[in-house]
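Visitor: Show me the folded form of this:
(one chain, ligands or ions: 1)
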Amino acid sequence: MSDTPAPAAPASSRAAMKKELPERFKAYKNVWVMVELERGQVHPVSWELIGEGRKLADKLGVELAAVVVGAPEAGTREAIAEGFVYGADLAYLVENPILAEYRNEPYTKTLTDLVDTHKPEILLLGATNLGRDLAGSVATTLLTGLTADCTELTVDAEKSLAATRPTFGGSLLCTIYTLNTRPQMATVRPRVMPTPTRQEGRTGRVVEHAVDLKEESIVTKVLSFLPDRASHRSNLAFADVVVAGGLGLQGAENLQLVRALAGVLGGEWGCSRPCVQKGWAPAERQIGQTGKTIRPKLYIAAGISGAIQHRVGVEGADLIVAINTDRKAPILDFAHLAVATDAIRFLPALTEAFRARVSAHTSDRLAG
Ligand code: FAD
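Guide: This next block holds a predicted model:
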């Protein structure tokens, strides 16, 4: 068992697997990122992928393109401008009223048509509900390889995409290649990659593309849109401070200690998977490989052992503080600070200490 990336297949064994790339794929060039635009809003994972795509394009010495698809004037131009600010060199734009709401058929037709016409060598999508649905159907339509939920993307010495992802229940990481077809496709979950720095004033070329879509040949119809009011209840993935509890808290009632500390710190609360499985917390609060990936400035883990499936969801945090009675718990391998104590007794004291500081700070500011 290992929590470090599997060593890439030796060049010799890759060479044995690798057939000559068929002639029709040799023209495939550039890195593309599908910008996920829904109801005028771009999913932030798109910018995280632009940052990652930029690195791949620079390594390959090619251009990075943002792909923006939607109804005319439904935020498409704004999305393209943002794509340039985050690092894209050019944008492919498909506008059509039929693309107003996401539906698998017209989006798959649009993206496969774009790929067939402009031939990217790498195509990245977010591992969101939309991205997972679209990536799978585009890959199967194009008969190419797709590596889902990647945690690391790079290009090897032979300029092939090396896509690393957890496997065997997260106990191993494997690196997957798409050697004989194009494009090489991958999805990445939100918050796995950092948001790149904005470069204000940066701009690029826009290539408009028309796709022949006919409403009568699309079997799915959108009758109405009902927003999921629950989906905004937790902002775990984007919070600056996250406090989470695990089985070490010994009961659902003690998760309240985690919520209280998160509240005082102005952050969000979460938990390990067994807490969800035991019904102590709703699934939207789960952090880790099969829950949310977080990138806060501060992550406090109370009574969490730090199993690999939890670790992969939190290691993007700037500062990890573990509160654990076991000095040999795996979380101490990657926490920056550890408090070796009983979290059930320590959390209320920590919360009170922060509460006192916050109210002293507020009084000083009011007095000043
Ligand atoms: P435990 O491993 O039981 O650890 C409890 C910790 O609390 C121990 O380190 C103990 O020393 C400490 N402790 C005990 N009492 C106290 C106390 N009073 N004060 C302080 N510390 C105390 N897990 C996730 O979290 N997220 C996932 O997304 C996820 N996905 C998974 C996917 C798959 C396919 C599989 C197989 C597993 C997944 N898991 C996931 C489960 C994961 O393997 C671990 O079982 C889980 O993370 C352990 O949860 P825990 O740390 O809360 O509990």
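
Visitor: wait, residue 337 sits on residue 319?
Guide: Yes: using Cβ atoms under 8 Å, residue 337 and residue 319 qualify as a contacting pair, with a distance of 7.2 Å. Glycine gets a C-beta too; all of them are placed from N, C-alpha and C.

Visitor: Ramachandran angles for the closest residue to residue 358 other than its chain neighbours?
Guide: Sequence neighbours aside, residue 264 is the residue nearest to residue 358 in space, at 6.3 Å (criterion: Cβ to Cβ, 6 or more residues apart in numbering). Phi and psi for residue 264, reported as degrees, to the nearest 10, are phi -70, psi -30.

Visitor: i'd like the first residue to be 59 from this point on
Guide: Will do, 59 is the new start, and the previous item becomes residue 322.

Visitor: residues contacting residue 322?
Guide: Going by Cβ atoms under 8 Å, 6 or more residues apart in numbering, residue 322 touches 409, 412-413, 416.

Visitor: give me that answer again for 10 Å
Guide: 299, 301, 408-417 (Cβ atoms under 10 Å, 6 or more residues apart in numbering).

Visitor: what's the farthest-apart pair in those?
Guide: Largest separation among the contacts of residue 322 by Cβ to Cβ: 301 and 417, giving 19.0 Å.

Visitor: Between the two, which has more neighbouring residues?
Guide: Ranked by neighbour count (other Cβ atoms under 10 Å), residue 301 and residue 417 place residue 301 first, with 30 against 11.

Visitor: And what about that one, helix, strand or coil?
Guide: Classification of residue 301 using DSSP: H, G, I helix; E, B strand; the rest coil returns strand.

Visitor: Can you name every helix or strand that the host helix or strand of residue 423 contacts?
Guide: Here residue 423 sits within helix 401-425, counting by DSSP states H and E. Secondary-structure packing of helix 401-425 (3 or more Cβ pairs under 10 Å, 6 or more residues apart in numbering; DSSP states H and E): strand 299-303, helix 313-322, strand 356-360, strand 377-381.

Visitor: Save those as TSV, and put in distance to the ligand and mean pLDDT too.
Guide: Shown next, in TSV, are the helices and strands packed on helix 401-425 (distance: least, Cβ to the nearest ligand atom, whole Å; pLDDT from 0 to 100):
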stretch	distance to the ligand	mean pLDDT
strand 299-303	8	98
helix 313-322	10	97
strand 356-360	6	98
strand 377-381	6	98
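
Visitor: Could you dump those into a markdown table and include distance to residue 404?
Guide: Below are these laid out as a markdown table (distance: least, Cβ to Cβ, whole Å):
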| stretch | distance to residue 404 |
| --- | --- |
| strand 299-303 | 12 |
| helix 313-322 | 9 |
| strand 356-360 | 8 |
| strand 377-381 | 6 |
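
Visitor: how about the ones you listed, which one is nearest residue 275?
Guide: Minimum separation from residue 275 across these (Cβ to Cβ) falls at strand 299-303, 46.2 Å.

Visitor: Report all helices and strands that that closest one contacts.
Guide: helix 313-322, strand 326-329, strand 356-360, helix 366-372, strand 377-381, helix 401-425.

Visitor: and whichever residue of the stretch 109-258 of the chain sits closest to the ligand, what are its phi and psi?
Guide: At 3.7 Å from the ligand, residue 227 is the closest residue in the stretch 109-258 of the chain, using Cβ to the nearest ligand atom. Dihedral angles of residue 227 (phi, psi; degrees, to the nearest 10) stand at phi 70, psi 20.

Visitor: Tell me the spatial nearest neighbour of it, not counting adjacent residues.
Guide: residue 367 (7.3 Å).

Visitor: surely that neighbour meets residue 349?
Guide: Yes: here residue 367 lies in contact with residue 349, judged by Cβ atoms under 10 Å, at a distance of 8.9 Å.

Visitor: which residues are in contact with both of those two?
Guide: Residues touching both residue 367 and residue 349 (Cβ under 10 Å, 6+ apart): 330-331.

Visitor: Now the residue lying closest to residue 256 once chain neighbours are set aside: which helix or strand?
Guide: Using Cβ to Cβ, 6+ apart and skipping residues adjacent in sequence, the residue nearest residue 256 is residue 143, 5.1 Å away. Under DSSP H and E, the secondary-structure element containing residue 143 is helix 134-144.

Visitor: Leaving out the residues flanking it, which one is nearest to residue 239?
Guide: Distances taken as Cβ to Cβ, 6+ apart place residue 202 nearest to residue 239, at 4.2 Å, with adjacent residues excluded.
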